[in-house]
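J.: here are the coordinates; sequence isn't available:
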DNA sequence: ATGTTTCGTGCAACCGGTTGCAGAACTTCC
DNA sequence: GGAAGTTCTGCAACCGGTTGCACGAAACAT
């Protein structure tokens, strides 16, 4: 069995409380005693049991990170960044995948609640109402969804959409289609609001669509029917699918139609043509979300929700070009 | 504050032990009492505290999953599958990223040890020695590395490599290069063993290389110098990079050189030409690893290490073709 | 020399559960 | 009708830590 605090106490001839303090409040114990205890602890391979500690302190030093789909290339960089950032602050993170199912999401949060100090909710599928309810039990930070009264990390996709459209209009495009995402998506709404507000273009909104490669392929027909020269897609996966669908129909990108995606996921850099896209600050979002969450955790009841909006930028590659004459 | 077992006990006029048993050994309590307790628990929103339970039972119902790099597209499907499979068995999983650093890996395992019932180690960078040492403290299942005396999940990449080479020879290729992976990699050794054993081909081994897109780009020069007509790359990322590097030099794939990757990651399906590749059963590996681990956890000291070898298969797409005449 | 702080440590209760043991109430059997 | 089981519940110790409180010793002030 692994050494406990009592083993260390016995071996060093002090009371358990002294050993405890050696680790959790070193300044309260005599340097001499402390060193002796530390040496013996080291010797016995003692490591404090975080779960036991959590029982009295109420701090588990764990975070929960809930995403809709781990395998969606958008998330791994965020997970990685969040996890690394948390680790620096001595936090471990549970990662859970809801498979896009709100029901699963809710259950997950409930069973996780007791084991974590806070939960990071990325692109939640749950209703605002449900989230607010659950947030009574555990601090939340929500990524990619606006929720008043709650700490939030947003990526300014509206701005990104404007940049994309400016880029397209500079290339001479006037008739532009927006391939919308899933119905309830905040991101999708932001994008279409931005696109609708753009001057001097004729916008066709196609969708809602499934935010997958398949959704993009399926939309190719509708894009052709819309008779546009450029398309802004909800995300890169759809954009890639669309390029594929257009290719199957002998339509060249960017020769006949220009395509812009959103997210800047890895595959987009590898396809041909390489995808022009709105880069999302996913790593920064992961780090920021952890920071906000720990801030919330530290503040306890007096917590003030914070809102962080992260900038996006346009990466121009090869899937956009001048409007065909 | 969240309701505890004592709140429920008080509210239902029974002793805490009865409440405890209602949840952890229902058959020991009178159905009538049980229902009353359950109703009141429901009412109070009571949920057992897993950490507290772990203290006495020694079972945390948590697993640790350690990978070298979450953002490497190879891992997310495995993580997703493992996590989903664990959840069905009422286990949560900590996911941690070592950033390819053995030091970090070791620390991570140590701090995680007390909080989990077992650890899944995917493509570990740690020495066998270190892993064996650490395995005294917590059950391990190792994925993608052969380690005697320890439960292991392997993907039969040797077989995959043979399939790939058969495919290439059937197309007429004789001079083939193997783009090796990192030096210590078990997978890389398996592949080169298989390739060396193949009959009737002239093999050039290039490497070790960094297992990234960049490594592939960098290897393009060496591939051309080797004067081969086909290349088997350590993984898809490298294969994609190689195709890119060759393209920059005006070399057509598969027109002049055929390229086969390994892993079947998502981007490979999206590039052009679409990548011929050896598909790895990553989801199955994740599930199998969880099964083996839980089996180990259940068995306690009497655990018998098991070995699972998962089949790979070849997916023929567009990056391979007949040898140029 | 005495009174007041400061410092270091021990004591014991507590966090939220689990579990071996014991005993009460109720059955079953002869 | 009493002995022997069953079934259900309570008691209390325990898991591995933390922490408020008390107390003795040393350091300081007067």
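T.: Happy to help now that I have it. Quick caveat: nothing in here was measured; it's all calculated off a predicted structure.

J.: okay, CA-based contacts and neighbour counts for the rest of this
T.: OK.

J.: Can you give me the neighbour number for the residue in the stretch 101-250 of chain A positioned nearest to chain B?
T.: Chain B sits closest to residue A:114 of the stretch 101-250 of chain A, with a gap of 6.0 Å, by CA to the nearest CA. The tally of other residues near residue A:114 (other CA atoms under 10 Å in any protein chain shown) stands at 21.

J.: again, but for the one 10 residues further on
T.: Residue A:124: 22 surrounding residues under other CA under 10 Å.

J.: Any figure for the gap between it and residue B:54?
T.: Residue A:124 is 30 Å from residue B:54, where distance means CA to CA, to the nearest Å.

J.: Same question for residue A:3.
T.: Residue A:3 is 16 Å from residue B:54, by CA to CA.

J.: Looking at those two, which is more packed in?
T.: More neighbours surround residue B:54 than the other of residue A:3 and residue B:54, with 18 against 15 (other CA under 10 Å).

J.: quick one on the thing from earlier: my guess is the residue of the stretch 101-250 of chain A closest to chain B contacts residue B:46. True?
T.: No: Residue A:114 is beyond contact range of residue B:46, at 10.7 Å (criterion: CA atoms under 8 Å).

J.: check contacts around residue A:274.
T.: When contacts are counted by CA atoms under 8 Å, 6 or more residues apart in numbering or on different chains, residue A:274 is found next to A:268, A:317-319.

J.: host element of it?
T.: Here residue A:274 sits in a region with no helix or strand, counting by DSSP states H and E.

J.: per-residue pLDDT, it?
T.: On the pLDDT scale, residue A:274 is placed at 92.

J.: now the one 4 residues further on
T.: Residue A:278 is assigned a predicted lDDT (pLDDT) of 98.

J.: Now it. Its backbone dihedrals?
T.: When read as degrees, to the nearest 10, the backbone of residue A:278 gives phi -90, psi 120.

J.: Any idea what it is bridged to?
T.: Counting by DSSP bridges, residue A:278 is bridged to residue A:262, residue A:314.

J.: shouldn't residue A:243 be in contact with residue A:254?
T.: No: using CA under 8 Å, residue A:243 is not in contact with residue A:254, being 9.1 Å away.

J.: Which one's more surrounded, these two?
T.: Neighbour totals were compared for residue A:243 and residue A:254, and residue A:243 leads with 29 against 21 (other CA under 10 Å).

J.: The more buried one looks like it's in a helix, true?
T.: Yes: secondary structure of residue A:243 (DSSP: H, G, I helix; E, B strand; the rest coil): part of a helix.

J.: Return the residues in contact with the residue lying closest to it once chain neighbours are set aside.
T.: Nearest in space to residue A:243, with sequence neighbours left out and distances taken as CA to CA, 6 or more residues apart in numbering or on different chains, is residue A:253 at 6.7 Å. Applying CA under 8 Å, 6+ apart, we find residue A:253 in contact with A:243, A:246-247, A:259, A:273, A:319-320.

J.: Drop anything exposed from those.
T.: Buried by 16 or more other CA atoms under 10 Å in any protein chain shown: A:243, A:246, A:259, A:273, A:319-320, out of the contacts of residue A:253.

J.: Could you work out the most separated pair of the residues you listed?
T.: Based on CA to CA, the longest span within the buried ones among the contacts of residue A:253 runs between A:246 and A:320 and measures 14.0 Å.

J.: Filter the contacts of residue A:253 down to the ones in strands?
T.: Residues from the contacts of residue A:253 lying in strands, with DSSP state E as the criterion: residue A:259.

J.: min pLDDT across the contacts of residue A:253, which one?
T.: At the low end of pLDDT for those is residue A:273, which has 90.

J.: Spit out the contact partners of that residue.
T.: With contact set as CA under 8 Å, 6+ apart, residue A:273 has these partners: A:253, A:317-319.

J.: State the pair within those that is farthest apart.
T.: Longest span within the contacts of residue A:273, CA to CA: A:253 and A:317, 11.8 Å.

J.: show me what contacts the residue of the stretch 201-325 of chain A found nearest chain B?
T.: Nearest residue of the stretch 201-325 of chain A to chain B, counting by CA to the nearest CA: residue A:271, 4.1 Å away. Applying CA under 8 Å, 6+ apart, we find residue A:271 in contact with A:240, B:267, B:270-272.

J.: Show the residue spans covered by the helices in the stretch 151-300 of chain A.
T.: For the stretch 151-300 of chain A, the helices defined by DSSP state H, counting those that start in this stretch occupy A:157-170, A:186-197, A:213-225, A:236-248, A:266-270, A:282-299.

J.: quick one on the thing from earlier: would TSV of the buried ones among the contacts of residue A:253 with distance to residue B:171 be doable?
T.: What follows is the buried ones among the contacts of residue A:253, written out as TSV (distance: CA to CA, whole Å):
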residue	distance to residue B:171
A:243	30
A:246	30
A:259	36
A:273	28
A:319	33
A:320	37
